[in-house]
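Trainee: Structure of the sequence below:
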Amino acid sequence: MRILSLLLFLVLFAAPAVAANPPPADPEERKVAAVFEQARTALQQGRGAAVVPLLSRATVDKLEAVRRAAKAGDRASLEHLGPGEKFAAMGLRRHVPPAELRRLELASLADHAVRQGWLGPNIIKQSALGPMRVKGDRASALLMVDNKPALVPADFVREAGGWRIDLTSVFNFGGQMLKGFAAMSGKSEEAYIGDLLDKLGTQAKAGR
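Mentor: The predicted structure is shown next:
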């Protein structure tokens, strides 16, 4: 279940990290790190909804598309989603009762995800923010997990006078991986994701 939990959380909310290096000297880097710390603290305190305002507009748009598709519960609602968004929507359908999906807005869904432990055990403590680069209104930092570089960096964008966490690269990276695996399997994206969720669910039950 750990793999599913991590993937769902990365796609849905953010992968916060603890600063592994000394506080940055550059003022803009300090502001970026502060947003990261806000997300980390909120998640440690179980306040998933508090992370949503820290996300970029593009990220929130994707999350809302995922939520609406999960809420609709039909195949047609998945057709216009990218593979990463499909995985998240289909995962939500598997793990959140339909009545809850109809009721929950994005902020309350974030709280639900944190309560359910979708982030996985100790993942916040195991993560760290590495070297950072700020260029104009974009910033990116190396994300470390268990002292190893993650495949997707921690990205940020400056919006409305402040820095926001940008998860669009997480969607894109996860989507490209799923698309490639589906093509190799000879299955449609929906069929491959469904099989993957079945396998992850079986592994989770066996690990209990």
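Trainee: use CA for all of it now, contacts and neighbours both
Mentor: OK.
Trainee: Can I take it that residue 34 is in a strand?
Mentor: No: Residue 34 is assigned helix when assessed by DSSP: H, G, I helix; E, B strand; the rest coil, not a strand.
Trainee: Residue 87 versus that one, what's the distance?
Mentor: 30 Å (Cα to Cα, to the nearest Å).
Trainee: quick one, which of the two is more surrounded?
Mentor: residue 87 (29 against 15; other Cα atoms under 10 Å).
Trainee: host element of the more buried one?
Mentor: helix 83-95 (DSSP states H and E).
Trainee: With residue 193 instead?
Mentor: Counting by DSSP H and E, residue 193 is part of helix 189-207.
Trainee: And for residue 178?
Mentor: In the assignment (DSSP H and E), residue 178 maps to helix 168-185.
Trainee: Which secondary structure elements does that helix sit against?
Mentor: helix 2-12, helix 83-95, helix 189-207 (3 or more Cα pairs under 8 Å, 6 or more residues apart in numbering; DSSP states H and E).
Trainee: Residue 46 is in contact with residue 116, isn't it?
Mentor: No: using Cα atoms under 8 Å, residue 46 is not in contact with residue 116; the gap is 10.1 Å.
Trainee: one step back: dump the helix holding residue 178 to PDB, restricted to CA.
Mentor: What follows is helix 168-185, C-alpha atoms only, in PDB (Å, rounded to 0.1, in the frame of the first residue of the first chain):
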ATOM      1  CA  THR A 168       2.400  19.900 -12.600                       C
ATOM      2  CA  SER A 169       5.700  18.100 -13.100                       C
ATOM      3  CA  VAL A 170       4.600  15.300 -10.800                       C
ATOM      4  CA  PHE A 171       1.400  14.800 -12.900                       C
ATOM      5  CA  ASN A 172       3.500  14.900 -16.100                       C
ATOM      6  CA  PHE A 173       6.200  12.500 -14.900                       C
ATOM      7  CA  GLY A 174       3.700  10.100 -13.500                       C
ATOM      8  CA  GLY A 175       1.600  10.300 -16.600                       C
ATOM      9  CA  GLN A 176       4.500   9.600 -18.900                       C
ATOM     10  CA  MET A 177       5.500   6.500 -16.800                       C
ATOM     11  CA  LEU A 178       1.900   5.200 -16.800                       C
ATOM     12  CA  LYS A 179       1.500   5.900 -20.500                       C
ATOM     13  CA  GLY A 180       4.700   4.000 -21.300                       C
ATOM     14  CA  PHE A 181       3.800   1.000 -19.100                       C
ATOM     15  CA  ALA A 182       0.300   0.800 -20.600                       C
ATOM     16  CA  ALA A 183       1.700   0.800 -24.100                       C
ATOM     17  CA  MET A 184       4.200  -1.900 -23.300                       C
ATOM     18  CA  SER A 185       1.400  -4.000 -21.800                       C
END
